[in-house]
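# Okay, here's the prediction I keep looking at, along with the sequence it came from:
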Amino acid sequence: MEELEGNQITGQERAEEEDETAKADEMTRTEAETEMKTESDYSDVTDADDESKENLMEMYLDESMKHIQEGEVIAGKVVKVDKEYVLVDIGYKSEGQISINEFRDKDGQVGVKLGDTVDVLLEKWKEDEDTIYLSKEKAAKMKVWDDIKKAYESDDAVKGVVTNRVRGGFSVDIGVEAFLPGSQVDLRPIRNFDHLVGNSFDFKILKYSKKRNNIVLSRRVILEKERDKLRQKTLETISEGKVMKGVVKNITEYGVFIDLGGIDGLLHITDMSWGRVVHPSDIVAVGDEIEVKVLSLDLERERVSLGMKQLAPDPWTTADEHYPVGSRVTGKVISLTDYGAFVELEKGVEGLIHVSEMSWTQKIRYPSKVVSIGDVVDVVILNIDAENRRVSLGMKQIAPNPWDVVSDKYPVGTVIEGKVKNITDFGLFIGIEEGIDGLVHISDISWTKRIKHPSELYKKNEEVRAIVLNVDKENERFSLGVKQLDLDPWQTIPDRYHVGTKVSGTVTNVTDFGVFVELEKGIEGLIHVSEVSKEKVKTPVGKFNVGDSLSAKVVNVSSKERRIGLSLKKLDEAETDKDFVHKYLNNNQGATSSFGELLKENLKEKLNINQEALSESSESPSPEKEIKADA
């Protein structure tokens, strides 16, 4: 490369030489004119003299060409333009020939005409053939390399166009092809490289090699210098409390970095708005120019805290006045959770509609079933705590509470009809009005039947008659009963089953503690194991079977506890005593002695005493023998 540079002439030397060549040409033309005049005046000049003059001209031209060497850039004049070639006169006895393609632009148009002066490179000079080879393109490249050398040595910038992406960076056209590494494109890593292609920028030459045709550029160096200038200017003017404009440089989950002019400041997510901000990208985007306020400043560490919400007054300072409790307002649903919906009343003021405040009658499990993000809803202010920035809202309060009128509309004792809405283990839910269901507990379905599950008797959507038992407006509970539509059969049991009465029934169940006997439909009595026989019986299981018909004696009755006590043992004793008395009385009707009369009276008295004792025992049964009939 040093050898080629040694062959080059400076711009000043080239200009001086061009002046000398022009003077030489002028002198040559003057001498030729003088010789032609002499020739016309003196007709006796010989042909030998003409040849001598031509030789002199050639010698002069040859001498002038010796000052120009191959590889030099010289100025030439276009003397001819044809379809394939352009002839350029550089002051030699023959013109140089250049391909027409070297004069075409990107659109294929020829950009040269007769008389134009162009810089060309003398590639070869064959003196013996009087032929010179010129190139316009190579001359242009030589000039570019000269400019590159000057820019590199003077630390100046060069302008270029990013042409395309290559491995590790970009290809840039600065007159010749140069390389821009990816790390030198910007001050920070760039994700989208494609937007740079086709754009023009200023670049700094980091290094070059003409011999290897290699040039490395940097845009980052220029940007760093610009940033340093801006930083210095910003540091001179920045102060706490100052409102400044900046450009969004980067967005993170916790905030936004703002370029204030050579200095980056952090706008934290909590300082972006008085209201809720889910993510900073919901408010700003990279490249946005925004206005911020300097909250704190650390010049030594170059840390700046910024705020955007501080540009406007805090809406919570007047929230108590704007939103009194009980007032009706309109807001926009901005967020949904499992426990409710957040509604924006104004920029920076949000309230919560708890899931329990969405409907008077429906049990809302998912707020999304009632409202959606973006919905505009009417709400009532239930409570406001400006100090803690909380507002409780209600949707159901917009409409009247149906429970306020349901107790008046359906007083206790009212018979209603409705469809079974739902069946559970503990009862039936019957629809009364829109959103209001009444519960028939399993214990209120039948007076006498043993019901394990309500589905044994009812199906969903079945029409059911029931009576209102209770209305709890405070807890929003509506109690119904089906069995209460009929009289309780146990209320008449004491009148129909007297103690000491002999009854008959069918065995429905046999347990270790006794035998259950159905006396009538839904009415059962229990023969306790101790009342089975005079003899001690450990268990009646195996001695009786379900379906057996039995007769027993009523020993106790309790309609309150809904039970009837029966006894086989007492029935046997009574039958035995009765047979003995009747037999004795019948056998001694003819006796007239006073002793016989006394004995008869004694037996009658004894029989009456036994009956009274049996009656007393039935009224005061022992705890061991008290077993509920519905056990």
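Noted; the coordinates are in hand. Numbers count the residues shown, from 1 in each chain.
# The residue nearest in space to the middle of the chain: what's it in contact with?
Central residue of the chain (C-alpha atoms, centre = their mean): Val278, 9.2 Å from the mean position. Val278 sits next to Ser335 when contact means C-beta atoms under 8 Å, 6 or more residues apart in numbering. Glycine gets a C-beta too; all of them are placed from N, C-alpha and C.
# Now do it, the pLDDT please.
Looking at Val278, its pLDDT reads 84.
# can you check Ser617 too?
For Ser617, the model assigns a pLDDT of 41.
# quick one on the thing from earlier: for the residue nearest to the centre of the chain, which three-state class applies?
Taking DSSP: H, G, I helix; E, B strand; the rest coil as the rule, one finds Val278 in the coil state.
# Ok, Val380 next?
strand.
# From Leu223, how far off is it?
Remark: distance between Val380 and Leu223 (C-beta to C-beta, to the nearest Å) = 57 Å.
# got it, and Lys502?
116 Å.
# swap in Thr511?
96 Å.
# How far does the host helix or strand of Leu223 sit from its chain's centre?
Here Leu223 sits within helix 220-237, counting by DSSP states H and E. Offset of helix 220-237 from its chain centre (C-alpha atoms, centre = their mean, to the nearest Å): 39 Å.
# List the buried residues of that helix.
Neighbour counts over helix 220-237 (16 or more other C-beta atoms under 10 Å) mark 220-223, 227, 231, 234 as buried.
# In a markdown table: those, plus distance to Leu439 and pLDDT.
Shown next, in a markdown table, are the buried residues of helix 220-237 (distance: C-beta to C-beta, whole Å; pLDDT from 0 to 100):
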| residue | distance to Leu439 | pLDDT |
| --- | --- | --- |
| Arg220 | 77 | 90 |
| Val221 | 82 | 90 |
| Ile222 | 81 | 89 |
| Leu223 | 76 | 87 |
| Arg227 | 75 | 84 |
| Arg231 | 75 | 83 |
| Thr234 | 73 | 83 |
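# Buried ones in stretch 149-169, by neighbour count?
Buried, per 16+ other C-beta under 10 Å, within stretch 149-169: 149, 151-152, 157-158, 160, 162, 169.
# Same question for stretch 242-259.
Using 16+ other C-beta under 10 Å, the residues of stretch 242-259 that count as buried are 244, 246, 248-249, 251, 255-259.
# Residues in contact with it: which ones?
Contacts for stretch 242-259 (C-beta under 8 Å, 6+ apart): 188, 238, 260-261, 264-269, 271-272, 279-281, 284-294, 306, 311.
# Val405: which element?
Applying DSSP H and E, one finds Val405 within helix 403-409.
# that older thread, name the nearest of the buried residues of helix 220-237 relative to Met358.
Nearest to Met358 among those, counting by C-beta to C-beta, is Thr234 at 52.0 Å.
# can you count the residues close to the closest residue to that closest one other than its chain neighbours?
Leaving aside its sequence neighbours, Thr234 sits nearest to Gly261 (C-beta to C-beta, 6 or more residues apart in numbering; 4.3 Å). Around Gly261 there are 19 other residues, counting by other C-beta atoms under 10 Å.
# Ser504 now?
With other C-beta under 10 Å as criterion, Ser504 counts 10.
# Toward the C-terminus from the helix holding Val405, list the very next helix or strand.
Helix 403-409 is succeeded, C-terminally, by strand 415-423 (DSSP H and E).
# by contact count, what packs against that next one?
Where contact means 3 or more C-beta pairs under 8 Å, 6 or more residues apart in numbering; DSSP states H and E, strand 415-423 is packed against strand 427-433, strand 436-441, strand 463-472.
# returning to that earlier point: sort out which of the buried residues of stretch 242-259 are in strands and list them.
Under the assignment DSSP state E, the buried residues of stretch 242-259 contribute 244, 246, 248-249, 251, 255-259 to strands.
# Nearest to Trp360, out of those residues: which one, please.
Nearest to Trp360 among those, with distances taken as C-beta to C-beta, is Gly255, at 43.2 Å.
# If the closest one is in a bridge, with which residues?
For Gly255, the beta-bridge assignment (DSSP bridges) gives partners His268.
# From Met308, how far off is it?
For Gly255 relative to Met308 (C-beta to C-beta), the value is 10 Å.
# Mutual contacts of those two, please.
267, 271-272.
# would JSON lines of those residues with neighbour count be doable?
Conversion of those to JSON lines gives the following (neighbours: other C-beta atoms under 10 Å):
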{"residue": "Leu267", "neighbour count": "27"}
{"residue": "Asp271", "neighbour count": "20"}
{"residue": "Met272", "neighbour count": "21"}
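# mind listing what the closest residue to Ala139 other than its chain neighbours touches?
In this structure, Ala139 finds its nearest non-sequential neighbour in Leu121, 4.0 Å apart by C-beta to C-beta, 6+ apart. Leu121 makes contact with 71-73, 134-136, 138-139, 142, according to C-beta under 8 Å, 6+ apart.
# Of the residues you listed, which pair is most distant in space?
Farthest-apart pair in the contacts of Leu121 is Gly71 and Lys136; separation 14.8 Å (C-beta to C-beta).
# who has more neighbours, those two?
Ranked by neighbour count (other C-beta under 10 Å), Gly71 and Lys136 place Lys136 first, with 20 against 16.
# Over to that one: give its phi and psi.
Lys136 adopts backbone torsions of phi -80, psi -40, taken as degrees, to the nearest 10.
# wait, isn't it in contact with Thr117?
No - counting by C-beta atoms under 8 Å, Lys136 stays clear of Thr117, with 11.7 Å between them.
# could you pull out the helices for the stretch 301-450 of the chain?
Taking DSSP state H, counting those that start in this stretch as the criterion, the stretch 301-450 of the chain carries its helices at 319-322, 403-409.
# Same question for the stretch 451-600 of the chain.
Under DSSP H, counting those that start in this stretch, the stretch 451-600 of the chain gives helices at 493-496, 568-587, 594-619.
# Now do the same for the shortest one: mean pLDDT, whole number.
Summarised as a single mean, pLDDT over helix 493-496 is 82.
# what's the spacing between it and its chain's center?
72 Å.
# Check stretch 192-203 too.
Taking C-alpha atoms, centre = their mean, the mean C-alpha location of stretch 192-203 is offset from the chain mean by 35 Å.
# Kindly check the end-to-end length of it for me.
Length of stretch 192-203, first residue to last, C-alpha to C-alpha, to the nearest Å: 20 Å.
# Mind listing residues that contact that stretch?
Residues contacting stretch 192-203 (C-beta under 8 Å, 6+ apart): 157-165, 170, 172, 174, 178, 180, 182, 185, 190, 217-219, 222.
# go on, stretch 393-409?
328, 331, 343, 351-353, 357-361, 370-371, 377-382, 432-436, 471, 473, 476, 478.
# Need phi/psi at Val197.
phi -60, psi 130.
# for Glu289, same thing?
According to degrees, to the nearest 10, Glu289 has phi -100, psi 120.
# if we can go back for a sec, quick check: the residue nearest to Thr234 is in a helix.
No - counting by three-state DSSP, Gly261 is not part of a helix but coil.
# sorry, back to before: just the buried members of the contacts of stretch 393-409?
Of the contacts of stretch 393-409, these count as buried by 16+ other C-beta under 10 Å: 331, 343, 351-353, 357-358, 360, 370-371, 377, 379-382, 432-433, 436, 471, 478.
# my read: Glu518 touches Ser504, true?
No - in this structure Glu518 lies outside contact range of Ser504 using C-beta under 8 Å: 10.4 Å.
# Per-residue pLDDT of Val507, please?
92.
# now do Ile290
pLDDT, Ile290: 92.
# State the distance from it to Val256.
For Ile290, the distance to Val256 - C-beta to C-beta - is 9 Å.
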